[in-house]
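# With the input below, show me the fold.
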Amino acid sequence: DRLARAYVRLCRKLARAGIVRQPNEGPADFAQRTAMLRPDLALSATSISELYIALRYAPYPNASGLRQLGKRVRAFQALTS
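Numbering: from 1, shown residues only. Modelled structure (predicted):
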């Protein structure tokens with residue numbers, strides 16, 4: 001599913017930046033830990049995670065939200081390089 005792939009992509013990018021998601025760590029907790037470890041990534045990691053959560057738990061994720069999530073995750077790469 002596109003939503004899960006986008007989140008996995010975000011997690012991989014964060015792992016390359018030295019922040020590895022724990023198996024029992026949900027998106028909100030992971031974003032919070034990311035913000036503590038890398039304040040420079042706090043705003044973008046939190047906003048991406050909030051969008052992911054909103055789309056994941058919506059009855060029907062909308063196409064524009066999915067596109068926006070993909071766009072934000074792609075842009076995130078520049079922040080971790």
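# average pLDDT across the longest helix belonging to the chain?
If you go by DSSP state H, the chain has its longest helix at helix 63-80. For helix 63-80, mean pLDDT rounds to 86.
# what ranges of the chain fall below the confidence cut-off?
77-81 (pLDDT under 70).
# For S49, see how far away the residue of the chain most remote from its centre is.
Largest separation from the mean C-alpha position in the chain: P59, at 19.7 Å (Cα atoms, centre = their mean). According to Cβ to Cβ, to the nearest Å, P59 stands 20 Å off from S49. Using the backbone N, CA and C atoms, a C-beta is placed for each residue, glycine as well.
# chain center to stretch 18-31: distance?
Chain-centre distance of stretch 18-31: 10 Å, with Cα atoms, centre = their mean, to the nearest Å.
# swap that for stretch 9-29, sorry
Worked out by Cα atoms, centre = their mean, stretch 9-29 lies 8 Å from the chain centre.
# Run through who's touching it.
Residues from elsewhere that reach stretch 9-29, judged by Cβ atoms under 8 Å, 6 or more residues apart in numbering: 7, 30, 33-34, 37-38, 41, 45, 48-50, 52-53, 56, 73, 76-77, 80.
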